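> Here's a sequence, model it:
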Amino acid sequence: MRNFNGKLVGRISFSLRYKLFRQKAFFSSNARDVGQPTSSTHPHLLKEGEITPGLSCDEYIWRRKRLLQLLPENALAIVASAPVKMMTDVVPYNFRQDADYLYITGCQQPGGIAVLGHNCGLCMFMPEANPYDVIWEGAVAGVDVALDTFIADEAYPKRSLNKILSRMIENSSQVFHNLNSSSDSYMNLEAFRNAASAGKVKDFSVYTHEVRWMKSEAEINLIRSSASIACQALLQTMLLSKSSPHEGILAAKFEYECKMRGAQRMAFNPVVGGGPNGSVIHYSRNDQKIHDGELVLMDVGCELHGYVSDLTRTWFPSGRLSSLQEELYSLVLETNEECLKLCKPGTSIREIHNYSVGKLRKGFKELGLLKSDPHSYNLLNPTNIGHFLGMDVHDCSKIGYDRPLKPGVVITIEPGVYIPLNYDVPERYRGLGIRIEDEVLITESGYEVLTASVPKETKHLESLLNNLTNGAHNDNIHITTGAMA
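Here you go, the predicted model:
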């Protein structure tokens, strides 16, 4: 064991630390706040032996070993926690951990630096909270928590980066780090700058995304639960839309229903596009009333213990589609259903996308929406048919869409059409936006639709909106408007 500043903070045998980890999880008298939930402080969230809800110590150890297998000999990988982002000079945004840092460490808190190496295993450099910080912000995980809770092989105070991490970098033939989530705390080290100048610094996310791409059974359970929460919340929101057709109310309803079911946050700002706002792909203002006869497009998702959901439904709060709306809606629905049937091991997102383009292009042409301009299709649908899903909404971006799908991969299937008000098409089609998005788990035999519980067939939507919403209303919901003096 190493002695650093009078404290034993070095490597302890894994078996001993794992035994201590289980003992602390078992005896509630040992429970103390470590800055995030543990099985001792939050037994309603974590089972004994879990570092984060649903994910065991063994799972985190496997992840680290798998990444070390991919890491070249005598190479070092550095992963920084996400920074705290400020809304004003004194008000922070709600913190969300960097996906790679969370995947490797299980630490949900800011300020840390994780290092993976063949000689050190997992080494964590932890922030040191002073009493003033604890009074204002609560407990913070330090060196002891890194060793005992996160089961790091080594841990040091963050102030020792210059001495210890610099030596690690100097002794390594290559240094990997995440280009999109780097931190000045290690990039400003002279040893790191020298390594970068020598061409020894490379992107680590090519390895983390490779390992994160195929989900474990525990991860699939969390993704399935996240999807289930989002589906239940969206159903409740659809029921409210007839009596309260306002984008802001529907966005608030969805978030409320998700959080009441245990979600920590939204996966992204809800897209609630009523009428022509549905043709804006990432519309986020959510400040308009939805008028009678208009469609509403909701692209939503939530996050549960680090794993997100993502689904879209387009429906008609009035309870009935017009014949014109139904023409386009049926085309998008058919494309969604046919693309789902293509989801299986060996197929790629690119192949599914190409099929969707052919299907939609043919339909747009029959409806008189396509011009002779070869680029006119992209004006009606500039999006891809789907993306990978997991800890991030657009997960594992280093994995190309030409990669053949494998069991355990989760993707979305989301065909759509987006016709701006000023687009040169027959006037009756202008301002229409329709998307139908499902989450799909690739299985050994094909696929499982994780969002199948939310209706998308026209007859099912009509039944939901015309029968189950009868009598459903909320007399207390209103939108406050400003008054002119």
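> and the next element down the chain from the longest helix seen in the chain?
In the chain, assigned by DSSP state H, the helix with the most residues is helix 217-241. Counting by DSSP states H and E, the next helix or strand C-terminal to helix 217-241 is helix 247-260.
> can you pull the buried residues of that next one?
247-255, 257-258 (16 or more other CB atoms under 10 Å). Backbone N, C-alpha and C define where each C-beta goes, glycine included.
> can you list those residues in a markdown table and add pLDDT?
Shown next, in a markdown table, are the buried residues of helix 247-260 (pLDDT from 0 to 100):
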| residue | pLDDT |
| --- | --- |
| Glu247 | 98 |
| Gly248 | 98 |
| Ile249 | 98 |
| Leu250 | 98 |
| Ala251 | 98 |
| Ala252 | 98 |
| Lys253 | 98 |
| Phe254 | 98 |
| Glu255 | 98 |
| Glu257 | 98 |
| Cys258 | 98 |
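> Quickly name whichever of the residues you listed is closest to Ser453.
Glu257 (13.8 Å; CB to CB).
> how much space between that closest one and Ser228?
To Ser228, Glu257 is 12 Å away according to CB to CB, to the nearest Å.
> Same check on Val115?
For Val115, the distance to Ser228 - CB to CB - is 37 Å.
> same deal with Arg350?
29 Å.
> how about the helices in the stretch 101-250 of the chain?
131-137, 143-148, 166-170, 184-187, 190-197, 205-213, 217-241, 247-260 (DSSP state H, counting those that start in this stretch).
> starting at the chain centroid, how far to the first one?
It refers to helix 131-137. Averaged C-alpha coordinates place helix 131-137 at 30 Å from its chain's average position (CA atoms, centre = their mean, to the nearest Å).
> hang on, isn't Gln186 packed against Ala80?
No Gln there; residue 186 is Tyr. Yes. Counting by CB atoms under 8 Å, Tyr186 touches Ala80, with 7.1 Å between them.
> Show me the common contact partners of those two, please.
113, 177 (CB atoms under 8 Å, 6 or more residues apart in numbering).
> which residues does Leu68 contact?
116-118, 121.
> Just give me the residue closest to the centre of the protein.
Asp392 (2.9 Å; CA atoms, centre = their mean).
> What mean pLDDT does whichever strand or helix holds Glu462 get?
Element membership for Glu462, per DSSP H and E: helix 458-463. For helix 458-463, mean pLDDT rounds to 95.
> What residues sit buried inside it?
458, 461-462.
> sorry, back to before: adding neighbour count, write the contacts of Leu68 out as TSV.
Shown next, in TSV, are these (neighbours: other CB atoms under 10 Å):
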residue	neighbour count
Leu116	26
Gly117	22
His118	14
Gly121	18
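> what's the average pLDDT for stretch 71-82?
On average, the pLDDT along stretch 71-82 is 97.
> Could you do stretch 165-178 as well?
97.
> neighbouring contacts of that stretch?
71-80, 98, 100, 113, 115, 117, 120, 123, 125, 186-187, 189-192, 194-196, 200-205, 207-208.
> change it to 6 Å
72, 74-79, 100, 189, 191-192, 195, 200-202, 204-205 (CB atoms under 6 Å, 6 or more residues apart in numbering).
> same check, this time on stretch 47-58
Contacts of stretch 47-58 (CB under 6 Å, 6+ apart): 25, 39, 45-46, 60, 106, 151, 218, 222, 305.
> What of stretch 358-377?
Stretch 358-377 is contacted from outside by 331, 335, 380, 425, using CB under 6 Å, 6+ apart.
> Quickly check those for the two that are furthest apart.
Top of the distance list for the contacts of stretch 358-377 (CB to CB): Thr335 and Val425, 18.7 Å.
> Tell me which of those two has more neighbours.
Set Thr335 next to Val425 and count neighbours by other CB atoms under 10 Å: Thr335 wins out with 25 against 19.
> Now that one: closest residue in space, sequence neighbours ignored.
Pro415 (4.0 Å; CB to CB, 6 or more residues apart in numbering).
> My understanding was that that neighbour contacts Val332; is that so?
Yes. The pair Pro415 / Val332 is scored as a contact, 5.3 Å apart, by CB atoms under 6 Å.
> Would you reformat the buried residues of helix 458-463 as CSV and include distance to Asp33?
What follows is these, written out as CSV (distance: CB to CB, whole Å):
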residue, distance to Asp33
Thr458, 52
Leu461, 47
Glu462, 51
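> just those residues now: which is nearest Met298?
For these, the closest approach to Met298 (CB to CB) belongs to Leu461, at 12.7 Å.
> Can you name the residues that contact the closest one?
By CB under 6 Å, 6+ apart, the neighbours of Leu461 are 315, 455.
> thinking again about what came up before, in PyMOL, how would I select the buried members of the contacts of stretch 165-178?
In PyMOL, this line selects whichever of these come out buried by 16+ other CB under 10 Å:
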select buried, resi 75+76+77+78+79+100+189+191+192+195+200+201+202+204+205
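> Now tabulate the helices of the stretch 101-250 of the chain in CSV and tack on distance to Ser323.
Below are those laid out as CSV (distance: least, CB to CB, whole Å):
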stretch, distance to Ser323
helix 131-137, 58
helix 143-148, 62
helix 166-170, 67
helix 184-187, 59
helix 190-197, 62
helix 205-213, 43
helix 217-241, 21
helix 247-260, 25
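> can you tell which of these is closest to Phe316?
Per CB to CB, nearest to Phe316 of those: helix 217-241, 9.0 Å.
> Mind listing what's buried along stretch 434-445?
434-442.
> Show me which pair in those residues is furthest apart.
Ile434 and Ile442, at 25.7 Å, using CB to CB across those.
> list the buried ones in stretch 101-121?
Under 16+ other CB under 10 Å, the buried positions of stretch 101-121 are 101-117, 120-121.
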